[in-house]
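> what would the 3D arrangement of this be:
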Amino acid sequence: MSIAKHYETGETLPEEVYLKLLAARTFRAGSLSLRQIRFAIVDLKLHTEYIPGGSESIYDVDHRVKNGHAYERDILYYKLTDLQ
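Sure, this is the predicted structure:
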């Protein structure tokens, strides 16, 4: 398949390069999804557990979610594997 040609020579893009471009489209898509899930968890924690002016700052909540408790990591893991 040819999706591009060199502007001077007219040489088409090699098939192996095209296949690499196709494979790269979804590179790190899972990591980006997990990043958004982490943001969602932090948001939920802030709206349900955070007490403004309390002993824990919003950065503490973020750090707690980032490091995760084993129970919360397990719940997230099982929820994600249910989607497959």
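> mind checking how far the residue nearest to the spatial centre of the chain is from L13?
By Cα atoms, centre = their mean, the chain has its centre lying nearest to L32, at 1.8 Å. According to Cβ to Cβ, to the nearest Å, L32 and L13 sit 26 Å apart. For every residue, glycine as well, the C-beta is placed using N, CA and C.
> what's the neighbour count on the residue nearest to E11 when sequence neighbours are not counted?
Spatially, and ignoring its direct neighbours in sequence, E11 is nearest to K5 (6.6 Å; Cβ to Cβ, 6 or more residues apart in numbering). Using other Cβ atoms under 10 Å, K5 is surrounded by 11 other residues.
> which ones are touching K5?
Applying Cβ atoms under 8 Å, 6 or more residues apart in numbering, we find K5 in contact with 11-13.
> ok, now I3?
Taking Cβ under 8 Å, 6+ apart, one finds 13, 18 in contact with I3.
> helix or strand: which one has it?
Under DSSP states H and E, no helix or strand contains I3.
> quick one, grab the pLDDT at L22.
Reported pLDDT at L22 in the predicted model: 86.
> what's the spacing between G54 and K66?
19 Å.
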